[in-house]
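1. Any chance you can model this:
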Amino acid sequence: MDLLIFSNIGNDECVRGILEKDNSRVLRSVVMFAEKEGLTDSGIREYIASLLANDDNILSELAQSGAAVGDDLYRLAMLDIERIYDKLFCAAHMKYSPSGNDTGFCEAYKDSIRGITASGSAKELLDKLIMHYRNLGSGVLARYNAFKFDGEIHGIRRIDGISFDDLIGLEYQKQVLIDNTSALVNGRRANNVLLFGDRGTGKSSSVKALLTMFAEKGLRLIEIPKSSISEIPQLMETLRHRPHKYILFLDDLTFETHETEYRALKIAMEGQLQAQNENVLIYATSNRRHLIRENWADREGGEVHVNDQMQETLSLSERFGISVVFSSPNQKEYLHIVGEMLKKHDIEMNADIEKQAVVWQMNYGSKNARCAKQFVASYIAKLK
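-> I've put the predicted structure just below:
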């Protein structure tokens, strides 16, 4: 099939099977697709709809960046879509109901694919595709709300759906994060954020709760291991013209003085000649206020210009516009957290439970929200 804009789909196994009337090849492709990604019982139509929605081409590139689609480009795309609609969308009929397992796709993507599949004309199909590109983009970044990046972007099918209602005693910290993230999703200037403090106090959970709150408004979360920090500039360029807003999430971040990744992070945050992305922020959590480990020897010897070394060590933390501290609660606050968690299970706090919670905390070695959560899980398990 001679296509100009959507030429990539001509290499697809199922498409070749349809054109060559090889029903076995088509059925194999449709069944595999339906059981992994299927949302409707229109097997072939949805397969083609998904293929088009996830195609990388000049039309999808322009549309998802918010750029105008010129009349000539639209006309050429329409010629392609008319051929696709006649020879693929309507020529081959196959009903297949998937088993209904969770695809892990975000709701906006599922709604868009259903709409594209239901298109009743070539023009409607093209217009819905362009809207899909503008609202969601194409490829893996269009399908999910959360991702992992290790040089490649992988969608996370099952997300820890924690909400701010689950985080007790962090009202100030939550409000700072909500205000800054709200500015990001609404297209206003916002800051990179460092969440630091005692272990188990809700730093990582607070970042995850932001996704729960803002996913429907276009926020996406990308988790990045320390080993991939040097590739953040490349990732930022990939995200620059996408329609969503992104938080790059660096969890439990610290550096030894001999590690060089922190320099790459400094450059990614501030230091490139290229302008910073308006749709990407970096949120990092750490148990340390100063992310690069420092010892007395760094201050007392080794370097001739000791102050220069100290400035290098401290400069990374200072590139986060907002720093939010998370401190371990005192015993009264710890017991309050336990009590509020128990209320969610219709259990009222009493003196006996308080005593058990204190003993648990003493064995745990620290009073924090994680300790409270683990005590509540253990207590409920014993009741059942």
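2. And the helices in the stretch 201-350 of the chain, which stretches?
-> In the stretch 201-350 of the chain, the helices defined using DSSP state H, counting those that start in this stretch lie at 203-214, 232-239, 261-269, 296-300, 306-318, 331-343.
3. Which stretch among these approaches residue 35 most closely?
-> Of all those, the one in closest proximity to residue 35, counting by CB to CB, is helix 203-214 (27.6 Å). Bear in mind the C-beta positions are built from the backbone N, C-alpha and C, glycine included.
4. Quick one: mean pLDDT for the closest one?
-> Across helix 203-214, the average pLDDT comes to 96.
5. repeat for stretch 3-11
-> 94.
6. so which of the helices of the stretch 201-350 of the chain is the most packed in?
-> Among the helices of the stretch 201-350 of the chain, ranked by average contacts under mean count of other CB atoms under 10 Å, first place goes to helix 203-214 (a mean of 22).
7. Assess the claim that residue 10 and residue 3 are in contact.
-> Yes: counting by CB atoms under 8 Å, residue 3 is a contact partner of residue 10 at 5.9 Å.
8. the more surrounded of those two?
-> Neighbours were counted for residue 10 and for residue 3 using other CB atoms under 10 Å; residue 3 has more, 17 against 13.
9. gap between residue 115 and residue 253?
-> 41 Å (CB to CB, to the nearest Å).
10. Those two: which is more packed in?
-> residue 253 (24 against 14).
11. domains for the chain, by residue range?
-> 7-142, 155-326, 331-383 (automatic domain parsing).
12. just for the protein, where's the confidence low?
-> Where the chain drops to pLDDT under 70, the residues are 92, 257-260, 270-275, 290-316.
13. Please list the residues outside stretch 325-342 that contact it.
-> 168-170, 173, 195-198, 200-203, 206, 289, 348-349, 353-354, 357-358, 361, 366-369, 371-373, 375-376, 379 (CB atoms under 8 Å, 6 or more residues apart in numbering).
14. Tell me if I'm right that residue 88 and residue 14 touch.
-> No: taking contacts as CB under 8 Å, residue 88 lies outside contact range of residue 14: 9.0 Å.
15. Mind listing the shared neighbours of those two?
-> In contact with both residue 88 and residue 14: residue 44, using CB under 8 Å, 6+ apart.
16. measure the residue nearest to residue 46 when sequence neighbours are not counted to residue 48 for me?
-> Take residue 46 and drop its neighbours on the chain: the residue closest to it by CB to CB, 6 or more residues apart in numbering is residue 117, 4.5 Å away. Distance, residue 117 to residue 48, using CB to CB: 8 Å.
17. Going by neighbour count, which residues in stretch 67-87 are buried?
-> 73, 76-78, 80-81, 83-85 (16 or more other CB atoms under 10 Å).
18. ranges for the strands of the chain?
-> Residue ranges of the strands in the chain, as given by DSSP state E, are 146-149, 153-155, 193-197, 219-223, 245-250, 280-286, 322-326.
19. and residue 209, what is it in contact with?
-> 162-164, 166-167, 174.
20. Only whichever of the residues you listed are buried, select them in PyMOL.
-> A single PyMOL command selects the buried members of the contacts of residue 209 (16+ other CB under 10 Å):
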select buried, resi 162+164+166+167+174
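21. any idea which of the contacts of residue 209 is the one closest to residue 110?
-> residue 163 (21.6 Å).
22. measure the closest residue to the closest one other than its chain neighbours to residue 319 for me?
-> Distances taken as CB to CB, 6+ apart place residue 212 nearest to residue 163, at 4.9 Å, with adjacent residues excluded. Noted for residue 212: a distance of 27 Å to residue 319, by CB to CB.
23. can you check residue 36 too?
-> Residue 36 is 41 Å from residue 319, by CB to CB.
24. who has more neighbours, these two?
-> residue 319 (18 against 10).
25. quick one, helices of the stretch 51-200 of the chain?
-> Under DSSP H, counting those that start in this stretch, the stretch 51-200 of the chain gives helices at 58-65, 71-84, 107-117, 122-136, 140-143, 171-185.
26. I appreciate the help and will end here.
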